[in-house]
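# Give me coordinates for this.
(2 chains)
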There are 2 protein chains.
Amino acid sequence: MEILITGGAGFLGQQLIRKLLDNGTVTLDGKPHPISRIVCFDQGEGRIVDPKVANVAGSIADPATVSSLVNRDTRVVVHLAAVVSGTAEADFELGMRVNLDGTRNLLEACRAVGTQPRVLFSSSIAVFGGDLPPLVTDATTPTPQGSYGAQKLIGEVLVQDYSRKGFIDGRSVRVPTVVVRPGTPNGAASGFASGIIREPLAGVEAILPVDPSTEMWIASPRAVVGMFLHALGLPAADWGWHRSVNLPGLVASMHEEMAALRKVGGDAAVALVRHQPDENVMRLVRTWAARFDTSRALAMGFRADSDFDAIVRAYVEDNAAAVRLKA
Amino acid sequence: MEILITGGAGFLGQQLIRKLLDNGTVTLDGKPHPISRIVCFDQGEGRIVDPKVANVAGSIADPATVSSLVNRDTRVVVHLAAVVSGTAEADFELGMRVNLDGTRNLLEACRAVGTQPRVLFSSSIAVFGGDLPPLVTDATTPTPQGSYGAQKLIGEVLVQDYSRKGFIDGRSVRVPTVVVRPGTPNGAASGFASGIIREPLAGVEAILPVDPSTEMWIASPRAVVGMFLHALGLPAADWGWHRSVNLPGLVASMHEEMAALRKVGGDAAVALVRHQPDENVMRLVRTWAARFDTSRALAMGFRADSDFDAIVRAYVEDNAAAVRLKA
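The predicted structure is shown next:
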């Protein structure tokens, strides 16, 4: 069985590919399927060298390129490719091209092969924004307050309609803010939530642009990759007619993040977090939802991290080379 | 001031243009603005001949064509052009091209002129479907169960985001099923609700494909045109950050429609309605919402028809040539 992963060279894509290679199979509807090939598609080539992995570089915004990625053996597609929130807000046309046109290109390629591939769309809690209830549920109407969230919401509507029409077997998961994101800072407006753990552990100063009491809805890369595989594995009947779900996460304030940082990196690490309020970031963060009732996802078997300390410990395990300070 | 009306050759567009010509002005934010020119854009040329009306034929799916329609004098845009529900379901690609690409082309053309035109997007209650509450409100999450509704919902998300970014001053109105639609039957799955009035009054047999107890959420062409002008006239502040609204209508069962038909067309007219259940139509209609709480729209000053009898009387007044049977 062949798997296509768009945005596969990103941190989640690479972690997912490693997990798939370790497993050797993908479980669909309770049955394991041996993996013959993983196509890792991204702007640049992925870093995983393996006989089963084809690293392909190209633009998701180009229909012909995307069409060439999907064939009748492509049973599973994981669509991660996206321009992140801050970038999509700063460069509207780029966001529309990658996040909207790119998603359409992929769905059209899947429709064209006629084999109803199983498609996992990585959506985001950024579909919610504005005047939200204190607890966001699966019944809360998405009202994105950023172009990234708007484009993700449109992707969900398309995944839903392509599934209803039988063109694909689609599933959209609204991913919490992923913390701790490894690597270098990107254009995500929520980047500080990872930065205040990652940079101090590397012995580098990090800026906290919001009030330390600020809460966010968070999941670790490990948990998210696990939930991606779970979303793919569920029978279509478990999704029913509604193909979007809010993923479980945990509420963490920046205070709690720093407490976890202290346990792992000591006072020296915490001293590297500099509180420098940024009104633009705060205004955006205020429109985000931090507390979710994810009972639908929990009933479907999705599982979040246990606590924030475990998230930081997992980061240290998975990124030993990037950690210099220890408590 | 110049006005662009896409889909302007359709029955709502033509009725809107006649009303605009009668008024001579458009009221925006309480202030009347003289109309210098109305561009009526559609696949074919509009039928209204007037020095102020430019009838332009072309494809809304062609970016260059659409771009040529909008200039810095285009203060108001009314976007009616669409492939209707039954057609969008039967021809997926056509629906995507006209309803999604067409809307994007128009919004891009408006963004390009840089003057933040006021854009009214004719959305539909077809954005709702599936497991709905007994009473749909503005807080109900749109869950379209047809490609037409999905494409209209995507249009709303785009109008919302283009407005938030300041590219346009957009407003989306979710139009009830329009009854009595004049002219010949089209590809709308809800067409029977007009057909069972229009055809018998013309002395022609009409098919009722659903149970007579079936209820629908209905507004007359006159009421809809009035609500379009109201939606355009409201100050942006009255919309706030949420640019979509469920329009007021009235609940009418097919029983009630036939009772109204009897009053105007007599027993001879009612005898021309043939009940011939169609499981496909019934399955679709069952997913539609019939009862709405439109308190937000009412508070904003939108007004529906008073009762179904008035709707039929208005049809007879406006379409005297198409009415042969009288009670």
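
# Check whether A:Gln276 really touches A:Pro212, as I assumed.
No: if you go by C-beta atoms under 8 Å, A:Gln276 and A:Pro212 don't touch, sitting 12.0 Å apart. For the C-beta atoms, the positions are set from N, CA and C on the backbone; glycine is no exception.

# ok, is the helix or strand bottoming out on mean pLDDT in chain A in contact with chain B or not?
The helix or strand of chain A with the lowest confidence, counting by mean pLDDT, DSSP states H and E, is helix A:279-286 at a mean of 86. No: applying C-beta under 8 Å from any C-beta of the partner chain, one finds helix A:279-286 out of contact with chain B, separated by at least 12.2 Å.

# Then stretch A:187-199?
No: Stretch A:187-199 does not reach chain B (C-beta under 8 Å from any C-beta); its nearest approach is 15.1 Å.

# now A:Pro142, nearest residue through space, not along the chain?
Spatially, and ignoring its direct neighbours in sequence, A:Pro142 is nearest to A:Val127 (3.9 Å; C-beta to C-beta, 6 or more residues apart in numbering or on different chains).

# interface residues of the stretch 151-300 of chain A facing chain B?
Residues of the stretch 151-300 of chain A lying close to chain B (C-beta under 8 Å from any C-beta) are A:Leu153, A:Ile154, A:Val157, A:Leu158, A:Gln160, A:Asp161, A:Arg164, A:Lys165, A:Trp241, A:His242.

# secondary structure element for the second one?
In the assignment (DSSP states H and E), A:Ile154 maps to helix A:147-164.

# which strands and helices sit next to that helix?
When contacts are defined as 3 or more C-beta pairs under 8 Å, 6 or more residues apart in numbering or on different chains; DSSP states H and E, helix A:147-164 packs onto helix A:85-90, helix A:92-95, helix A:102-113, strand A:118-124, strand A:169-175, strand A:244-246, helix B:147-164.

# try 7 Å
helix A:85-90, helix A:92-95, helix A:102-113, strand A:118-124, strand A:169-175, helix B:147-164 (3 or more C-beta pairs under 7 Å, 6 or more residues apart in numbering or on different chains; DSSP states H and E).

# Tell me the secondary structure at A:Trp288.
Three-state assignment for A:Trp288 (DSSP: H, G, I helix; E, B strand; the rest coil): coil.

# That one and A:Ile207, how far apart?
Counting by C-beta to C-beta, to the nearest Å, the gap from A:Trp288 to A:Ile207 is 18 Å.

# Of the two, give the one with the bigger neighbour count.
Between A:Trp288 and A:Ile207, A:Trp288 has the larger neighbour count (other C-beta atoms under 10 Å in any protein chain shown), namely 24 against 18.

# Now for the more buried one: which residues touch it?
Counting by C-beta atoms under 7 Å, 6 or more residues apart in numbering or on different chains, A:Trp288 touches A:Gly129.

# With A:Leu284 instead?
Listed by C-beta under 7 Å, 6+ apart, the contact partners of A:Leu284 are A:Ala189.

# do A:Asp131 as well
Shown here is A:Asp131, which makes no contacts under the criterion C-beta under 7 Å, 6+ apart.

# what's the answer for A:Lys19, then?
A:Val225.

# Repeat that for the one 3 residues further on.
Residues counted as contacts of A:Asp22 (C-beta under 7 Å, 6+ apart): none.

# returning to what we had before: run through who's touching the helix holding A:Ile154.
By C-beta under 7 Å, 6+ apart, the residues outside helix A:147-164 that reach it are A:84-85, A:88-89, A:92, A:95-96, A:99-100, A:103-104, A:107, A:111, A:119, A:121, A:123-124, A:126-127, A:129, A:142, A:144, A:168-170, A:172, A:243-244, B:145, B:147, B:150, B:153-154, B:157, B:160-161.

# Can I get the buried part of the residues you listed as one PyMOL selection?
To isolate the buried members of the contacts of helix A:147-164 in PyMOL, using 16 or more other C-beta atoms under 10 Å in any protein chain shown:
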select buried, (chain A and resi 84+85+88+89+92+95+96+99+100+103+104+107+111+119+121+123+124+126+127+129+142+144+168+169+170+172+243+244) or (chain B and resi 145+147+150+153+154+157+160+161)
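
# ok, back up a step: buried stuff in the least confident helix or strand of chain A?
So helix A:279-286, judged by 16+ other C-beta under 10 Å, has buried residues A:Val281, A:Leu284, A:Val285.

# possible to save those residues as CSV with distance to B:Ala189?
Output for those, formatted as CSV (distance: C-beta to C-beta, whole Å):
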residue, distance to B:Ala189
A:Val281, 47
A:Leu284, 41
A:Val285, 44
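
# quick one: contacts of stretch A:34-53?
Residues from elsewhere that reach stretch A:34-53 (C-beta under 7 Å, 6+ apart): A:1-10, A:13-14, A:17-18, A:20-21, A:24-26, A:54-58, A:69, A:81.

# give me every residue that touches the spatially closest residue to A:Asp238 that is not a sequence neighbour.
Once flanking residues are discounted, A:Asp238 sits nearest to A:Met300: 5.8 Å by C-beta to C-beta, 6+ apart. Contact partners of A:Met300, counting by C-beta under 7 Å, 6+ apart, are A:Leu234, A:Asp238, A:Val245.
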